[in-house]
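> everything below, folded, please.
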Amino acid sequence: MNALAQPGASPRATRTIQPAWVRIAHWLNALAVVLMMLSGWRIYDASPVFRDLVIPPGITLGGWLGGALQWHFAAMWLLFGNALFYLAMNLVTGRLRAKFFPLSPRAILHDLGEALRGRLSHADPGRYNAVQKFAYLFVMVDIAVLIVSGLVIWKSVQFPLLRELLGGYDRARVVHFCAMVLLAGFIVVHLAMVALVPRSLLTMIRGR
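I've put the predicted structure just below:
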């Protein structure tokens, strides 16, 4: 429901930009991703995909392999359930189509060029530019890849078709790690954009 307009306030300043379900899903997703990433790094260290790459224990979660697995599995269910909820709500409410489409490579390149020149407008936080649309759609797909590859790693025998689609167990581990790296990169860029446009953080906290 839109906030009640105050005397002298503009409709744009008082309308709800991010509904409550979007904000709840966003923060639950952020929690789940952080927990999975930190615990996943500890699990990775126990059997690294890339032998020369070791994650410093000080930035991992779980203390040991067993503890990290417990954190990872707990956060996994939160991420999985929250992802299903977010996708379902976006489809049911029509938000997915309204917020993220239309989208074209030409629009992405144009808005990226404008952003690099410092000319991209952020006057309306309720409207995503083409770069934002692409980034948010990308992270949705990336999380789906993380979930699917994670299932293959966790239950390889139970999901033979997924295992074969990913090229086998060992390749699924590489896919999982690379998807994590891409997600970490998204988080860094996302936080940088929030620092440049602080109002986007406020809309995700209070909805407007």
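
> can you list the domains in the chain?
Domain assignment for the chain by automatic domain parsing gives 18-99, 101-208.

> lowest average pLDDT across those domains?
Looking at those, the lowest mean pLDDT belongs to domain 101-208 (a mean of 90).

> the spatially most central residue of the chain: which element?
Compute the mean C-alpha point of the chain, and by Cα atoms, centre = their mean the closest residue is Val139, 4.8 Å away. Val139 is part of helix 130-154 when elements are defined by DSSP states H and E.

> which ones are touching the residue nearest to the centre of the chain?
Contacts for Val139 (Cβ atoms under 8 Å, 6 or more residues apart in numbering) come out as Leu183, Phe186. Any C-beta I mention is one placed from the backbone N, CA and C, and that applies to glycine too.

> just to check, Trp71 is in contact with Ser39?
Yes. Using Cβ atoms under 8 Å, Trp71 is in contact with Ser39, at 3.8 Å.

> now do the shared contacts for these two.
Shared contacts of Trp71 and Ser39 (Cβ under 8 Å, 6+ apart): Leu61, Gly62.

> neighbour-wise, which of the two wins?
Just comparing Trp71 and Ser39: by other Cβ atoms under 10 Å the higher neighbour count belongs to Ser39, 24 against 20.

> what helix or strand is that one on?
helix 20-46.

> give the buried residues for that helix.
Within helix 20-46, the residues scored as buried using 16 or more other Cβ atoms under 10 Å are 22-23, 25, 28-29, 32-33, 35-45.

> next secondary structure element downstream of it?
Using DSSP H and E, the helix or strand that directly follows helix 20-46 along the chain is helix 65-93.

> so which elements touch that following helix?
helix 20-46, helix 95-100, helix 130-154 (3 or more Cβ pairs under 8 Å, 6 or more residues apart in numbering; DSSP states H and E).

> repeat that for 6 Å
Using 3 or more Cβ pairs under 6 Å, 6 or more residues apart in numbering; DSSP states H and E, the elements in contact with helix 65-93 are helix 20-46.

> what residues sit buried inside the helix holding Val139?
Neighbour-count burial for helix 130-154, with 16+ other Cβ under 10 Å as criterion, is recorded at 130-135, 137, 139-140, 142-143, 145-153.

> return whichever helix or strand comes after that helix as PDB; C-alpha atoms alone will do.
Using DSSP H and E, the helix or strand that follows helix 130-154 towards the C-terminus is helix 160-165. Taking Å, rounded to 0.1, in the frame of the first residue of the first chain, the C-alpha atoms of helix 160-165 are listed here in PDB:
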ATOM      1  CA  PRO A 160      22.300 -38.100 -12.200                       C
ATOM      2  CA  LEU A 161      20.700 -36.000 -14.900                       C
ATOM      3  CA  LEU A 162      21.900 -32.700 -13.400                       C
ATOM      4  CA  ARG A 163      25.300 -34.300 -12.800                       C
ATOM      5  CA  GLU A 164      25.700 -35.200 -16.400                       C
ATOM      6  CA  LEU A 165      24.400 -31.800 -17.600                       C
END
